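> Using only what follows, build the 3D model:
(chains A and B)
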Amino acid sequence: MIAVRAINLSKQYQIAHAHAGGHRGRRYRTLREDLIALPRGLLGRNGDTKEVFRALRDVSFEVNQGEVVGIVGRNGAGKSTLLKILSRITEPTSGRAEIFGRVGSLLEVGTGFHPELTGRENVFLNGAILGMRREEIARHFDEIVGFAEVEQFLDTPVKHYSSGMYTRLAFAVAAHLDPEILIVDEVLAVGDAAFQRKCLGKMSEVASGGRTVLFVSHNMAAVRTLCGRCIYLRHGSIATQGDTDDVLRIYQQDLQRVEIDATTAVHDEKMRRGNGAVRFTGIQVTDDTGAKISQCYPGQAVRFEMDYRVMRSIPRMDVFVGLRSGKSGEFVTSARHEVAGADLSADHSGTVVLELPAIPLRPGEYLLYFWLGASSSEPFDVVDDLTAPLAVVPHGRQSSVVFDHAENIGFFDVQSRLVEKEVITPPDAAYLV
Amino acid sequence: MPSVVIQPTSGWAAINLRELWRYRDLLFILAERDIKLRYKQTALGVVWVVLQPLIAALIFATIFGRFAKLPSEDVPYLLFVFCGLLVWNFFAAIVQRAGNSLVANSALVSKVYFPRLLLPFGSAIAVMLDFVVTLVIVSVIMFLYRQPVTPNIALLPLFFVMALVAGVGVSLWLGGLNVRYRDFAYVIPFLLQVWLYASPVVYSASIISAEYRWLYALNPAAGFVEGFRLALLGKSSFLPEQFALSALVAVIIFFTGIFFFRRVERSFADVV
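Prediction:
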């Protein structure tokens, strides 16, 4: 029995490069822009150069009922677009998809949550937004509240909640959605490790209950645990699909080959920002001998080789490189240096190599953040989360992702030792036995 | 048989009543949220709803009634203008809130699917509560002025529906345009300002000469404002046929609004 069938799904976005310094990345227009463009359009001379961005190209696949399928791919590969089409948030440009059964889609935790409303009110609001009937929510209400562990705060506005409580409540509503087909996007990227484990537990419960799940995640370990089959999207089309282990192996090989240049994902405001006065033209991660690497060991020096080209003259330039946690997105550490202290005119180009010395980073994935600019308020170029994350792997182990962090929490190894280890036996212990 | 087929739609899409019905709970929960938020976020809450039309009516009564001495069909000008404001404010609030509802809820629109019509519909339902509160004030003022209630009061629900239909229709047009052209957020208040004076709220439709009154009736707001005076005060210079014309225009705006909205809604998530 088929649950989801996609046939040649494609989606295009038009990106208008406004003529005179328009706001890049803004997708709505102003009436004035259209009115001005109208006569030009009639004369056949359109001032804007329209670039078509093909987010999804001819994607076809089938998912059987009860299957748990992972969707992997780099940022900007079309995963979210695919989920948005299957959730009916946006329409495909061409192709079609058939869905057999009730869909619950979870592209975000807590969609529609309002800080001024109480926990109780938000449960009903969020539940209804996700497609539940009022009586259904009322039926599951106690379970939801129990899962979220927020009983005492039900009538408190959620703006007073800690972020943990907020996330737990939001996930709890979604977890009780009870759809036949569940579409999940990266929701596990939030919350602490314990909460992530709880969510994963709930997800595998859903999956083993015969429900169909489509699951997008960067967390390879989670994909490996949950999904029997995977679809790997690359530049909007399916690079390969099949058995999870095979697909992930190909995906990881690809991740190591990834390079960014001046045009990579420039349209994406989230991952590529800045005013464009200077653009990165290539970024490579190497070891201290200059050999390209995709992963390193704790305590190994790492270099970042960044090529850039100056597009418009600039007064000065700094470079900033940051490492962010692969789980929470927080900055773990960063470094900033001056690259040029004086004017650089257009068409200069160069390479800057920044070395992080041997720091005892704990195993895990670290997202890389590269920045060029003169001041914090006006960056020239920002490449965030576009390159492959830096994987720090433990010595002598193969797996690149450590799933259970219980033994080692935090980002850095520190030299610690036990100064004292004395156990005092209570004098009256004998009577207690 | 697939339960949902997803493919590009082209041209005009009809309204999917069955789906709207399935999502009816969400409609009321959205309306409930709007009401709760309004009363939670403003310190004065319900006092606002009472004060705002009252102060507006007093200002109009002073300027137009006392100084400009506009005719008010032999009823006290304050009562006269308040009856007009009662329904005008209802209409204007729908246009304002429902017209902005898509942009205001862009986080929802880009993250989850539901019939987008629920957003303007839900806002309109929330505005009904304000109407009820104002209606109570009008009754009090009518009582204070010893204004007799006529059998015409039975027409009130009819003109209420007319204002609702016109308001939602206009907001569907503006709401659809607002997503694409963000400057409509500024157009809406301006439009309402002009529209207020183009409608017989502060003056009586009787000052329009009878031969032009047919033209005037093309403004649906003229129909329901005069209609409220007919229902509450028992008199209006509008003929039944002129009310019918206003109502027809309101219905046309409503249905074209729905079709326009359905036509542009498929691109909302890509734009907001």
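
> interface residues of the stretch 101-250 of chain B facing chain A?
Within the stretch 101-250 of chain B, the residues that sit near chain A (Cβ under 8 Å from any Cβ of the partner chain) are B:107-114, B:179-184. In short, each C-beta sits where N, CA and C put it, glycine included.

> Out of the residues you listed, which sit inside helices?
Those of those mapping onto helices are B:107, B:108, B:109, B:179, B:180, B:184, per DSSP state H.

> Model confidence score at the fifth one, please.
Looking at residue B:180, its pLDDT stands at 78.

> Equivalent analysis for the second one, please.
According to the prediction, residue B:108 has pLDDT 88.

> and if you look at residue A:373?
Looking at residue A:373, the pLDDT reads 91.

> Three-state assignment for residue A:218, please.
When classified by DSSP: H, G, I helix; E, B strand; the rest coil, residue A:218 comes out as coil.

> Could I get the full set of strands for the stretch 101-250 of chain B?
In the stretch 101-250 of chain B, no strands are defined using DSSP state E, counting those that start in this stretch.

> The stretch 301-433 of chain A too?
For the stretch 301-433 of chain A, applying DSSP E, counting those that start in this stretch gives strands covering A:302-310, A:317-325, A:331-340, A:349-356, A:364-375, A:378-384, A:390-392.

> ok, of those, where does mean pLDDT dip lowest?
When those are ranked by mean pLDDT, strand A:390-392 comes last with a mean of 82.

> looking just at contacts, which helices and strands does that strand meet?
The helices and strands touching strand A:390-392, judged by 3 or more Cβ pairs under 8 Å, 6 or more residues apart in numbering or on different chains; DSSP states H and E, are strand A:295-296, strand A:364-375.

> leaving aside the residues next to it on the chain, what's closest to residue 133?
Picking chain A for this. Nearest non-adjacent residue to residue A:133, counting by Cβ to Cβ, 6 or more residues apart in numbering or on different chains: residue B:25, 5.3 Å away.

> wait, I meant chain B there
Taking Cβ to Cβ, 6+ apart, and ignoring the residues beside it in sequence, residue B:133 has residue B:49 as its nearest neighbour in space, at 4.7 Å.

> For residue A:364, list each beta-bridge partner.
residue A:392 (DSSP bridges).

> From residue B:53, how far out is it?
As judged by Cβ to Cβ, to the nearest Å, residue A:364 and residue B:53 stand 61 Å apart.

> Equivalent analysis for residue B:23, please.
33 Å.

> Over to residue A:128?
According to Cβ to Cβ, residue A:128 and residue B:53 sit 32 Å apart.

> Those two: which has the busier surroundings?
Shown here are residue A:128 and residue B:53; by other Cβ atoms under 10 Å in any protein chain shown, residue A:128 has more neighbours (27 against 21).

> I figured that one hits residue B:24, correct?
No. With contact defined as Cβ atoms under 8 Å, residue A:128 does not reach residue B:24; the gap is 9.9 Å.

> hang on, the earlier thing: right, and out of the residues of the stretch 101-250 of chain B next to chain A, which lies closest to residue B:167?
Nearest to residue B:167 among those: residue B:184, at 15.9 Å, using Cβ to Cβ.

> Give me the phi and psi for the residue of the stretch 151-300 of chain A found nearest chain B.
Nearest to chain B in the stretch 151-300 of chain A, going by Cβ to the nearest Cβ, is residue A:157, at a distance of 8.1 Å. Per-residue torsions, residue A:157: phi -60, psi 140 (degrees, to the nearest 10).

> Can I get the helix or strand hosting the residue nearest to residue B:133 in PDB, CA atoms only?
Taking DSSP states H and E as the criterion, residue B:49 maps to helix B:46-60. Taking Å, rounded to 0.1, in the frame of the first residue of the first chain, the C-alpha atoms of helix B:46-60 are listed here in PDB:
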ATOM      1  CA  VAL B  46     -13.400  46.400  27.100                       C
ATOM      2  CA  VAL B  47     -13.400  50.000  28.200                       C
ATOM      3  CA  TRP B  48     -11.700  50.800  24.900                       C
ATOM      4  CA  VAL B  49     -14.500  49.200  22.900                       C
ATOM      5  CA  VAL B  50     -17.000  51.400  24.700                       C
ATOM      6  CA  LEU B  51     -15.000  54.700  24.800                       C
ATOM      7  CA  GLN B  52     -13.700  54.700  21.200                       C
ATOM      8  CA  PRO B  53     -17.100  55.100  19.400                       C
ATOM      9  CA  LEU B  54     -18.500  57.200  22.200                       C
ATOM     10  CA  ILE B  55     -15.600  59.800  21.900                       C
ATOM     11  CA  ALA B  56     -15.900  59.700  18.100                       C
ATOM     12  CA  ALA B  57     -19.600  60.300  18.300                       C
ATOM     13  CA  LEU B  58     -19.200  63.200  20.700                       C
ATOM     14  CA  ILE B  59     -16.600  64.800  18.500                       C
ATOM     15  CA  PHE B  60     -18.800  64.400  15.400                       C
END
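
> That's all I had, so thanks and see you.
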